[in-house]
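Undergrad: fold the following and give me the result.
(2 chains)
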Amino acid sequence: MKRRALLLATLPLTAQAAPTLKAGVFEPAQAAPEFTLKGSDGAELKLARFKGKLVLLVFGFTNCPEVCPTTLATLAQARKQLGADAADVQVVYVTVDPARDDIARIRQYLAAFDPTFIGGTEAPDKLATMRKRYGVVAEKIASKQPNAYGMNHSTSVWLIDRAGKLVAMMPYGHDAKDFVHDLKLLLATT
Amino acid sequence: MKPWLRLLPLVLVAPLSWIGWAAFAPLELPSRDELFEIPPGTYARRMAGDKVEILPDRIDLTLGLNDVLLLRNRDEVPQQFGPVLIMPGQSFRLPFEVASTYTFACSAHASGQMAVVVAPTPEPGWQRLQWRWQHRKRATMTPETAS
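TA: I've put the predicted structure just below:
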């Protein structure tokens, strides 16, 4: 509580904090679509599990050559910079490539960035429904070798506040400093 | 001296003054928001077979002038608007702080992508002159005006 009060005092914050975020902001924020996936931690992966925390929702695939590793490394760095506040931030990584990304692979992949990250997968149709509800794009890039295909996918990070509202979307390319800025604001205000 | 020659300095001074002003006066816009709006009834129009394109596949912004992309859905149904799904009555406000080209996956465009090109703030001189000229051309097509 003391830490939150201190944050409120040090940040240039008003009742309308959202417009000062570095991320794109939804106005007004609405409830983030719920989902139920198989979690890489062995438990059912539902948004409701993380109520009271900020959720950073990422869509990608473990064979991604650039965007996913960069994004996950950035988020891991941001969590480190947050210090004790990182306990209130949960990164959720949802695969867009369920054919290759099983639970074991996702778990191993995420552990290389931050062992607290949780991944999720499901049947392709269920994942497609979830993507549609978040406005996420994912498309297979054909390849001559059956298991060497790539994926075009949305590269942004969706920010869900402690109350489960979809408040913002951070486009790809922002560094850890920007995430820390926004996470501190959201932790202080929600 | 012929009478028309006496007017020559005046004829030259006016455009040169304007060019000087356009090249060095500070740039201003009424708002930093670059607004794109889905009007009510868009879904119904699409269902009726109308081809409705609201968001271009390339948007040009300038830092310090119009560097906030504002997408607003005034329709009655959720709409995929560029990189985001926007609920009825909801807006999405995306600020830019670094000049670059931002590419977003977007199912609303045939190419599957849209780009936001953010240019640096025009420096006094040629860049400001060029920006004003381009913005004037654009203003003839939209109600927004530059000063």
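Undergrad: shaky segments in chain A?
TA: A:1-19, A:190 (pLDDT under 70).
Undergrad: return the residues of it in contact with chain B.
TA: Selection of chain A residues close to chain B by C-beta under 8 Å from any C-beta of the partner chain yields A:19, A:22-28, A:30, A:133-135, A:137, A:139, A:152-156, A:169, A:171, A:173. For the C-beta atoms, the positions are set from N, CA and C on the backbone; glycine is no exception.
Undergrad: and the residues you listed, which of them are buried?
TA: A:22-27, A:30, A:134-135, A:137, A:153-156, A:169, A:171, A:173 (16 or more other C-beta atoms under 10 Å in any protein chain shown).
Undergrad: just the ones of the residues you listed in strands?
TA: The members of these that map onto strands under DSSP state E are A:24-27, A:30, A:153, A:169.
Undergrad: so which of those comes closest to chain B?
TA: Top of the list for closeness to chain B, among those and by C-beta to the nearest C-beta, is residue A:24 at 3.3 Å.
Undergrad: partners of the closest one in the sheet?
TA: When assigned by DSSP bridges, residue A:24 has beta-bridge partners residue A:169.
Undergrad: residue A:59 too?
TA: residue A:94.
Undergrad: give me the number of residues near residue 112?
TA: Went with chain A since none was named. Using other C-beta atoms under 10 Å in any protein chain shown, residue A:112 is surrounded by 13 other residues.
Undergrad: correction: the question concerned chain B.
TA: Residue B:112 has 14 neighbours, counted by other C-beta under 10 Å.
Undergrad: okay, residue B:89: pLDDT?
TA: With respect to pLDDT, residue B:89 has a value of 96.
Undergrad: that one touches residue B:74, doesn't it?
TA: Yes. Counting by C-beta atoms under 8 Å, residue B:74 is a contact partner of residue B:89 at 7.2 Å.
Undergrad: the most centrally placed residue in chain A: what secondary structure?
TA: Centroid-nearest residue in chain A: residue A:57, 2.1 Å away (criterion: C-alpha atoms, centre = their mean). For residue A:57, the assignment made with DSSP: H, G, I helix; E, B strand; the rest coil gives strand.
Undergrad: quick one: the helices in the chain?
TA: Assuming you mean chain A. A:2-10, A:67-82, A:103-111, A:124-134, A:176-189 (DSSP state H).
Undergrad: wait, chain B was what I had in mind.
TA: B:3-24, B:42-47, B:126-139.
Undergrad: now do the contacts for the residue of chain B found nearest chain A.
TA: Chain A sits closest to residue B:85 of chain B, with a gap of 2.7 Å, by C-beta to the nearest C-beta. Applying C-beta atoms under 8 Å, 6 or more residues apart in numbering or on different chains, we find residue B:85 in contact with A:133-135, B:78-79.
Undergrad: any chance of the residues you listed in CSV, with distance to residue A:187 too?
TA: Output for the contacts of residue B:85, formatted as CSV (distance: C-beta to C-beta, whole Å):
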residue, distance to residue A:187
A:133, 25
A:134, 22
A:135, 25
B:78, 28
B:79, 31
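Undergrad: of all residues in chain A, which one is closest to chain B?
TA: Counting by C-beta to the nearest C-beta, chain A gets nearest to chain B through residue A:135 (2.7 Å).
Undergrad: show me what from chain B comes close to chain A.
TA: Contact residues (C-beta under 8 Å from any C-beta) of chain B with chain A: B:69, B:80, B:83-87, B:90-95, B:97, B:100, B:102, B:104-107, B:112.
Undergrad: using ChimeraX, define a selection of the buried residues within those.
TA: To isolate the buried ones among these in ChimeraX, judged by 16+ other C-beta under 10 Å, type:
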select /B:69,80,83,84,85,86,87,90,91,92,93,94,95,102,104,105,106,107
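Undergrad: inside strands: which ones of the residues of chain B next to chain A?
TA: Using DSSP E, the residues of chain B next to chain A in strands are B:69, B:80, B:84-86, B:91-95, B:100, B:102, B:104-105.
Undergrad: redo these as a markdown table? Include distance to residue B:21.
TA: Shown next, in a markdown table, are these (distance: C-beta to C-beta, whole Å):
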| residue | distance to residue B:21 |
| --- | --- |
| B:69 | 30 |
| B:80 | 43 |
| B:84 | 40 |
| B:85 | 45 |
| B:86 | 40 |
| B:91 | 36 |
| B:92 | 37 |
| B:93 | 32 |
| B:94 | 33 |
| B:95 | 30 |
| B:100 | 30 |
| B:102 | 33 |
| B:104 | 37 |
| B:105 | 43 |
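Undergrad: brilliant, that's me finished.
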